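Undergrad: Test case, fold it:
(one chain, ligands or ions: 1)
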Amino acid sequence: MSEKLFKKVSLIGLGLIGSSLGLVMHQRGLVGHISGFARSKATRDKAMEIGFIDSVCETAAESVKDADLVIVCAPVGVMGDIAREIAPELKPGAIITDVGSVKSAIIEAMAPHLPDNVHFIPGHPIAGSEKSGPESGYAELFINRWTILTPPDGSDSVQVERLEQFWQACGANVEIMDVEHHDMVLGITSHLPHLIAYSIVSTASDLEAVTRSEVIKFSAGGFRDFTRIAASDPTMWRDVFLNNREAVLDLLGRFTEDLAALQRAIRWKDGDALFDLFTKSRDIRSGIIEAGQDTAAPDFGRAHIEVDE
Ligand code: NAP
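TA: Down below sits the predicted model:
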């Protein structure tokens, strides 16, 4: 791209999301310069070695100096501290955004620290995986995935549009959403499934009558699909649940009621109720495939290669 979208971008947090952003910005020539900061020296060194940032800084504050766009890609629980630290060094007129998986709590934590002369436009790419760290990123992560922006009331529409263009240039589709609505939608599409996966995997590993080796050996019956989700980063997910408590607790209440209804249908041998519910669930799966958000290939397109026992 000849016309750069931003002269200087600062990435705070250089894990899966930060590295993927660095890689796509470089690959597509979107910005002039990318400076980066992460908590540990090991990650900072790895980021320079891989080359998805152009310069590395010893502090977050140093990294944001002169940046036109600051993207905070750190765990949800540290966003407030980062905002406090970078605030004095932010360039007037800069856009400050984040990629955190919850929005209300992050806005509450960050907004009070930020000066009035910058544009704070929170965001969340609905793209990721169970992998973390600077080596797990890839430039294609955001292609055809949604990024949700939750600009506060009164945001400058030109700046919101600039950020929208940035995400589109990274390959994403963009949707603008109200903050509470975001936390509810993501509660059901992401947070609750993770909670359920963590819970099932823990139940299975605690079952004394089924040995660990059997749980692993027969996992292709369905269990292994939960283990992918339950292998996600513990820090990230602890922070998500502590920071989207209300929406998750509300959805969990509904979920347990629905689970009790299923339990009842099984107890009373109500095959029709089970059949109807399972049929509805299939429709949702078809909708996801039609929307281009997953492959139609059986078993998620897994290669059926021979695996040594
Ligand atoms: P990650 O791979 O674990 O990377 C987190 C990065 O943040 C690491 O570079 C870490 O540095 C850095 N960090 C931690 N504490 C910090 C601090 N106090 N100051 C500066 N940097 C700090 O995590 P991720 O998957 O990229 O997630 C980052 C954010 O994206 C989270 O808010 C998450 O909710 C959101 N998100 C994740 C996904 C997903 O699927 N993973 C999807 C969408 C959004 P060290 O390496 O030195 O510890």
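
Undergrad: Would you work out how far apart the start and end of stretch 36-47 are?
TA: 8 Å (Cα to Cα, to the nearest Å).

Undergrad: for it, which positions count as buried?
TA: 36-39, 43-44, 46-47 (16 or more other Cβ atoms under 10 Å). Just so you know, the C-beta spots here come from the backbone N, C-alpha and C atoms, and that holds for glycine as well.

Undergrad: Give me the distance between the two termini of stretch 152-160.
TA: 10 Å.

Undergrad: and what of stretch 149-159?
TA: 12 Å.

Undergrad: Report pLDDT for Met1.
TA: Looking at Met1, its pLDDT reads 66.

Undergrad: re earlier: within reach of the ligand, which of the buried residues of stretch 36-47 are there?
TA: Among those, proximity to the ligand is found for 37-39, 43 (Cβ under 6 Å from any ligand atom).

Undergrad: With pLDDT, secondary structure and distance to Ala297 as extra columns, can I get these in a markdown table?
TA: Below are those laid out as a markdown table (pLDDT from 0 to 100; DSSP: H, G, I helix; E, B strand; the rest coil; distance: Cβ to Cβ, whole Å):
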| residue | pLDDT | secondary structure | distance to Ala297 |
| --- | --- | --- | --- |
| Phe37 | 98 | strand | 40 |
| Ala38 | 98 | coil | 36 |
| Arg39 | 98 | coil | 39 |
| Thr43 | 98 | helix | 35 |
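
Undergrad: Now tabulate those in CSV and tack on distance to Asn243.
TA: Output for those, formatted as CSV (distance: Cβ to Cβ, whole Å):
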residue, distance to Asn243
Phe37, 22
Ala38, 21
Arg39, 19
Thr43, 23
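
Undergrad: Quick check: the farthest pair among those residues?
TA: The span of those, defined through Cβ to Cβ, is set by Phe37 and Thr43 at 9.4 Å.

Undergrad: who touches both of these two?
TA: Counting by Cβ atoms under 8 Å, 6 or more residues apart in numbering, the shared contacts of Phe37 and Thr43 are Leu14.

Undergrad: Do I have it right that Phe52 meets Ser19?
TA: Yes. Contact between Phe52 and Ser19 holds when scored by Cβ atoms under 8 Å: they sit 5.2 Å apart.

Undergrad: Just want to know which of these two has more residues nearby.
TA: Ser19 (30 against 25; other Cβ atoms under 10 Å).

Undergrad: Identify the residues contacting the nearest residue to that one once chain neighbours are set aside.
TA: Of all residues not flanking Ser19 in the chain, Gly137 sits nearest, at 2.9 Å (Cβ to Cβ, 6 or more residues apart in numbering). For Gly137, the contact set (Cβ under 8 Å, 6+ apart) comprises 15-23, 52.

Undergrad: and whichever residue of the stretch 101-250 of the chain sits closest to the ligand, which of the three is it?
TA: For the stretch 101-250 of the chain, the residue closest to the ligand is Gly128, as judged by Cβ to the nearest ligand atom, at 1.8 Å. Secondary structure for Gly128, judged by DSSP: H, G, I helix; E, B strand; the rest coil, is coil.

Undergrad: Can you get me a residue count around the residue nearest to it when sequence neighbours are not counted?
TA: Nearest residue to Gly128, sequence neighbours excluded (Cβ to Cβ, 6+ apart): Leu16, at 6.3 Å. Leu16 is flanked by 25 other residues according to other Cβ under 10 Å.

Undergrad: got the contact list for Leu16?
TA: Here Leu16 is in contact with 128-129, 131-133, 136-137, 141 (Cβ under 8 Å, 6+ apart).

Undergrad: which pair in the residues you listed spans the largest distance?
TA: Gly133 and Leu141 (13.8 Å).

Undergrad: quick one: which of those two has more around it?
TA: The residue with more neighbours, out of Gly133 and Leu141, is Leu141; 22 against 16, by other Cβ under 10 Å.

Undergrad: so that one makes contact with Gly22?
TA: No. Counting by Cβ under 8 Å, Leu141 does not reach Gly22; the two are 11.1 Å apart.

Undergrad: if we can go back for a sec, mind checking pLDDT for the residue nearest to Gly128?
TA: 97.
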